[in-house]
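# only geometry, no sequence info:
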């Protein structure tokens, strides 16, 4: 049989006649096939738009088979084209390919109908091909936007902090409040602390719940008309992490923000026991005032954060303009420290520690100075924090110790035996590498026990763990004497230093003022010095500038004194000649 016959009515009739059904039964067969295929496709397809498209295509195809209305085949063409367009947005190449095959089938059969007289019923074969595409409907992953929305919705569902306004909402309400009428106000940031232990021992989920409960306590204290509303009954915004913020108007009360901060710090944060663990939740606060000008929200937030970060030891910090200046100076110093040459830019100065009994020098304290190219000579307290931020603390400690060992050898060659003390500012020094380096220096420079003294801030000793205490004991066994620096806030602090071989204790300059006329204060300081003496620690009073202060320290039975009364810090370049002159004058 020729191909032409196959495409004519006679051909189709012969094919139908040779089949199990007659030509009159073809519409019935095609109708059943369409219904079955569409039902199967609808069972697979999940998207509503595609389901509707399949149903429309099936209805038009069935109408074509049953009624033969004029131009109904054009509706079928439009339905197939619409379906192909919907499929093109699904990112499913199998469905897309089959849909285009269905469209191509429709075009071929429609052309055959016009040119060769093919029965119009056969156009619905395109609908059958189209229905088969539904069997390849994969569950496509959502796009990035949908994924982000889903993740955000999931996070909002799980996070106990989801009910708090966020930073963007706080910003919008701030501008609305400021633009409605001129106001004087204050932006306050509350930072909660102490949650690291909660997250470590109990879990982050409980930590988030505890954080939300603490924030709710704070929110209850802000239910005042002067506190700017952030929608509904919300007054407190969550900035992220452990930081919260609120805005209060100062139009009627100039110090309302300070009163609110005191209430929050005093009433909401109390220790509690959870899972056999005592949790101390603490809080710090900073604030920045916003006037009636055009203050930008982002600037105010950055100022409040800067105040918190620049004064980590203060519980309440008010932003001051000099903080920004200091931050800019620190950033400039950090850039300069990135390329610093210790040997050419850093220098060691010295200041004597003089015994009260015989006015002889007990040791010389080495003080670090930076020959800054623009700001002149900077003392260590101006840049030591920058050194640690820049990651140069350990290399600097090595430089200072090496230089101190060289000075000890130089003094010994001149027949002068004089111990030198160096300052170690952080607990990161008390590690195995540091101990090994000290041992190496003692060996290479043939130092004797007692030639070097290490001074550490009191906070370093207070926070020592078992490993840190072992490191201090090893330093003592190597012949390094230890000195506690900055004692003075409380006499009971030394009780927290058990089993440490501390040779010297330095009393802060604030306690060396002449309190001889104030009996109760003098008795307190005298008792503190006596307590240290009983623990075989030699007490050194710092900051002595006058004869009266020196007499006061002697009356306290302090071991030695240090300060401008004896000498200002001098360059170590002239150390040997200065010591010889001192010995001559005090021989």
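Good, I have the coordinates. Remember, it's a predicted structure, so these values are computed and weren't measured experimentally.
# Give me the residue ranges of the stretch 251-400 of the chain where confidence is low.
Where the stretch 251-400 of the chain drops to pLDDT under 70, the residues are 267-279, 292-294.
# For it, just list every one of the strands.
If you assign secondary structure with DSSP state E, counting those that start in this stretch, the strands in the stretch 251-400 of the chain sit at 272-274, 277-279, 282-290, 316-318, 346-355, 361-372, 376-379.
# Residue 100 is nearest to which of these?
When these are compared by Cβ to Cβ, strand 282-290 sits nearest residue 100, at 62.1 Å. Backbone N, C-alpha and C define where each C-beta goes, glycine included.
# how about the closest one: buried residues?
Residues 283-290 are the ones in strand 282-290 that count as buried (16 or more other Cβ atoms under 10 Å).
# what do you get for stretch 400-416?
Per 16+ other Cβ under 10 Å, stretch 400-416 contains these buried residues: 400-405, 407-408, 411-412.
# hmm, back to that, would you reformat the buried residues of strand 282-290 as CSV and include distance to residue 254?
As requested, the buried residues of strand 282-290 are exported to CSV (distance: Cβ to Cβ, whole Å):
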residue, distance to residue 254
283, 23
284, 22
285, 17
286, 18
287, 12
288, 15
289, 10
290, 13
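# closest to residue 222 among those residues?
For the buried residues of strand 282-290, with residue 222 as the reference and Cβ to Cβ as the criterion, the closest is residue 285, at 12.8 Å.
# Next, the buried residues of stretch 180-191.
Buried positions in stretch 180-191, judged by neighbour count with 16+ other Cβ under 10 Å: 183, 185-191.
# from those, which has minimum pLDDT?
Between those, the one the model trusts least by pLDDT is residue 183, at 77.
# Who are the contact partners of it?
Neighbour list for residue 183: 177, 249-251, 290, 292 [criterion: Cβ atoms under 8 Å, 6 or more residues apart in numbering].
# Among these, which ones are in helices?
residue 177 (DSSP state H).
# Using PyMOL, define a selection of the buried residues within the contacts of residue 183.
Under the burial definition 16+ other Cβ under 10 Å, those of these that qualify are selected in PyMOL by:
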select buried, resi 177+249+250+290
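# now the contacts of residue 183 as JSON lines including distance to residue 232?
Conversion of the contacts of residue 183 to JSON lines gives the following (distance: Cβ to Cβ, whole Å):
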{"residue": "177", "distance to residue 232": "15"}
{"residue": "249", "distance to residue 232": "19"}
{"residue": "250", "distance to residue 232": "24"}
{"residue": "251", "distance to residue 232": "23"}
{"residue": "290", "distance to residue 232": "23"}
{"residue": "292", "distance to residue 232": "27"}
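# Which one of the contacts of residue 183 is nearest to residue 548?
Proximity of the contacts of residue 183 to residue 548 (Cβ to Cβ) peaks at residue 250, which lies at 46.3 Å.
# In contact with that closest one, which residues are there?
With contact taken as Cβ under 8 Å, 6+ apart, residue 250 is in contact with 183-186, 226, 256-257, 289.
# Over to residue 431?
Contacts of residue 431 by Cβ under 8 Å, 6+ apart are residue 471.
# same check, this time on residue 378
Shown here is residue 378, whose contacts under the criterion Cβ under 8 Å, 6+ apart are 369-370, 372.
# Which one of those is nearest to residue 561?
When the contacts of residue 378 are ranked by distance to residue 561 (Cβ to Cβ), residue 369 comes first, at 22.4 Å.
# wait, doesn't the closest one sit right on residue 347?
Yes: proximity of residue 369 to residue 347 meets the contact threshold set by Cβ atoms under 8 Å, at 5.1 Å.
# Those two: who's more crowded?
The neighbour count for residue 369 versus residue 347, taken as other Cβ atoms under 10 Å, is higher for residue 369 (20 against 17).
# Return the distance of the more buried one relative to residue 420.
Counting by Cβ to Cβ, to the nearest Å, the gap from residue 369 to residue 420 is 15 Å.
# ok, back up a step: dump the buried residues of stretch 180-191 to a markdown table, plus distance to residue 215 and secondary structure.
A markdown table is the format used below for these (distance: Cβ to Cβ, whole Å; DSSP: H, G, I helix; E, B strand; the rest coil):
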| residue | distance to residue 215 | secondary structure |
| --- | --- | --- |
| 183 | 25 | coil |
| 185 | 21 | strand |
| 186 | 19 | strand |
| 187 | 17 | strand |
| 188 | 14 | strand |
| 189 | 13 | strand |
| 190 | 9 | strand |
| 191 | 12 | strand |
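# Could you work out the most separated pair of these?
The two members of the buried residues of stretch 180-191 with the most space between them (Cβ to Cβ) are 183 and 191, at 24.8 Å.
# picking up where we left off before, with distance to residue 72 added, can I get the contacts of residue 250 in TSV?
Listed next are those as TSV, based on distance: Cβ to Cβ, whole Å:
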residue	distance to residue 72
183	70
184	75
185	71
186	74
226	72
256	77
257	76
289	76
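# JSON lines for the buried residues of stretch 400-416, including distance to residue 339 and secondary structure?
Shown next, in JSON lines, are the buried residues of stretch 400-416 (distance: Cβ to Cβ, whole Å; three-state DSSP):
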{"residue": "400", "distance to residue 339": "19", "secondary structure": "helix"}
{"residue": "401", "distance to residue 339": "23", "secondary structure": "helix"}
{"residue": "402", "distance to residue 339": "20", "secondary structure": "helix"}
{"residue": "403", "distance to residue 339": "20", "secondary structure": "helix"}
{"residue": "404", "distance to residue 339": "25", "secondary structure": "helix"}
{"residue": "405", "distance to residue 339": "26", "secondary structure": "helix"}
{"residue": "407", "distance to residue 339": "26", "secondary structure": "helix"}
{"residue": "408", "distance to residue 339": "30", "secondary structure": "helix"}
{"residue": "411", "distance to residue 339": "33", "secondary structure": "helix"}
{"residue": "412", "distance to residue 339": "35", "secondary structure": "helix"}
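# Name the nearest of these relative to residue 100.
Among the buried residues of stretch 400-416, residue 400 lies closest to residue 100 (Cβ to Cβ), at 77.9 Å.
# quick one: the closest one and residue 420 touch, right?
No: because the distance of 10.1 Å does not satisfy Cβ under 8 Å, residue 400 is recorded as not touching residue 420.
# Can you pull the residues that touch both of these two?
When contacts are counted by Cβ under 8 Å, 6+ apart, residue 400 and residue 420 are jointly contacted by residue 366.
# Which residues are in contact with the closest residue to residue 582 other than its chain neighbours?
Setting aside the residues directly before and after it, residue 582 is nearest to residue 361 in space (Cβ to Cβ, 6 or more residues apart in numbering), at 6.8 Å. Applying Cβ under 8 Å, 6+ apart to residue 361 gives the contacts 352-355, 418, 579, 582.
# so residue 449 makes contact with residue 475?
No: taking contacts as Cβ under 8 Å, residue 449 lies outside contact range of residue 475: 11.1 Å.
# Comparing those two, which shows the higher neighbour count?
A count of neighbours by other Cβ under 10 Å puts residue 475 above the other of residue 449 and residue 475, at 20 against 13.
# May I ask you to confirm that that one is in contact with residue 438?
Yes: contact status for residue 475 versus residue 438: in contact at 6.5 Å, counting by Cβ under 8 Å.
# rewinding a little: out of the buried residues of stretch 180-191, which is nearest to residue 161?
The shortest approach to residue 161 among those belongs to residue 190, at 13.6 Å (Cβ to Cβ).
# how many other residues sit next to the residue lying closest to the closest one once chain neighbours are set aside?
Using Cβ to Cβ, 6+ apart and skipping residues adjacent in sequence, the residue nearest residue 190 is residue 244, 4.7 Å away. Counted with other Cβ under 10 Å, the neighbours of residue 244 add up to 26.
# Am I right that residue 244 is in a strand?
Yes: Residue 244 sits within a strand when classified using DSSP: H, G, I helix; E, B strand; the rest coil.
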